[in-house]
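Q: what's the 3D shape of this:
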Amino acid sequence: MSTRRDFTRQLAAASAALAAPHLARAQANAGAPVEGQHYVKLSTPAPVTLPSPDKKIDVVEFFWYGCPHCNNFEPMLEGWTRQLPAEVSFRRVHVGFGVQHQIHQRLYYALEEMGVLATMHRKVFAAMHAPNNRRQLISESEVVAFGNDNGIDGAKLAATMKSFSVNTKSVKARQLTDAYKIDGVPALGVQGRWFTSGSLAGSLERMLVVTNHLIVRARG
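A: Numbering: from 1, shown residues only. Presented below is the predicted three-dimensional model:
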């Protein structure tokens, strides 16, 4: 998990789960998640945003494009979200711990504003974590080149990152991150009441098992 203090440290548990899925499966069968050990209950609930009356349970992923663990988690997360019950609303929140995170945060919300997030989200991860040609996507010139290389208007993307709407979304994202008391990513929050992470759960796969448990609690 990437934390506010160390954004590049490898999680041994997450790496082990990725390298040896049978270990993660063994963890998943180790028993019911324990409050205070595998997840945290918030003393003060965080705000819950539901898009429609049929969506009753709010699940939030907190992530950072530059986090290698978030990059590794993304394929697992996508498969998991496709199996969520209809009553669950899932959304991503890009954290803004520091200056670099806030640049990538604006990139995420600019892609959303332009209506291209669905097609560009994984491409940002791929660009930032490519084994032989990693892009930091910090400077405006990098952002413009990235957009142009991937079939969108790079200049418009850079301009949208500076827009009022993107700034508003970024501020709200940081407020929600603080409300959930998130200090590392990836992390998953449920119904404004609980959160878990790879380090708390024991692995990235186990984090999804714990979140399933919390969804059941939210439903009850």
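Q: can we go C-alpha only for contacts and neighbour counts from here?
A: OK.
Q: which residues does Glu61 contact?
A: Glu61 makes contact with Phe90, Arg91, Arg92, Val93, Pro186, Ala187, Leu188, Gly189 under the criterion Cα atoms under 8 Å, 6 or more residues apart in numbering.
Q: and the residues you listed, which are buried?
A: Phe90, Val93, Pro186, Ala187, Leu188, Gly189 (16 or more other Cα atoms under 10 Å).
Q: lowest average confidence, helix or strand, in the protein?
A: Every helix and strand of the chain was ranked by mean pLDDT, DSSP states H and E. The lowest is helix 12-19, at a mean of 36.
Q: ok, the closest residue to Pro51 other than its chain neighbours - contacts?
A: In space, Pro51 comes closest to Ser89 once its chain neighbours are excluded; the distance is 7.4 Å by Cα to Cα, 6 or more residues apart in numbering. Contact analysis of Ser89 by Cα under 8 Å, 6+ apart lists Leu50, Pro51, Lys55, Lys56, Ile57, Asp58, Val59.
Q: secondary structure element for Ser89, which one?
A: Using DSSP states H and E, Ser89 sits within strand 88-94.
Q: next, the buried residues of the one helix or strand Ala110 maps to.
A: Counting by DSSP H and E, the element that carries Ala110 is helix 99-113. Within helix 99-113, the residues that qualify as buried by neighbour count (16+ other Cα under 10 Å) are 101-113.
Q: quick one: strands adjacent to the strand holding Ser89?
A: strand 57-63 (parallel) (DSSP bridges).
Q: so the partner strand versus helix 99-113, what angle?
A: 130 degrees (axes from the mean of the first three to the mean of the last three Cα atoms, to 10 degrees).
Q: any regions of this protein where pLDDT drops low?
A: Low-confidence segments of the chain, defined by pLDDT under 70: 2-30.
Q: quick one: the helices in it, in order.
A: 12-19, 21-28, 68-81, 99-113, 117-129, 140-149, 154-161, 164-179, 198-201, 204-219 (DSSP state H).
Q: with distance to Leu42 added, can I get those helices in TSV?
A: Listed next are these as TSV, based on distance: least, Cα to Cα, whole Å:
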stretch	distance to Leu42
helix 12-19	24
helix 21-28	24
helix 68-81	23
helix 99-113	24
helix 117-129	30
helix 140-149	37
helix 154-161	32
helix 164-179	9
helix 198-201	14
helix 204-219	13
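Q: how far away is the most centrally placed residue in the chain from Leu111?
A: Nearest to the mean C-alpha position of the chain, by Cα atoms, centre = their mean, lies Phe63 at 2.9 Å. For Phe63, the distance to Leu111 (Cα to Cα, to the nearest Å) stands at 15 Å.
Q: with Leu117 instead?
A: 5 Å.
Q: pretty sure Tyr65 contacts Lys123?
A: No: if you go by Cα atoms under 8 Å, Tyr65 and Lys123 don't touch, sitting 10.4 Å apart.
Q: okay, domains of the chain per the record?
A: Per automatic domain parsing, the structural domains of the chain span 12-95+182-220, 99-180.
Q: ok now the longest one, how far from the chain's centre?
A: The reference is to domain 12-95+182-220. With Cα atoms, centre = their mean, to the nearest Å as the basis, domain 12-95+182-220 stands 9 Å off its chain's centre.
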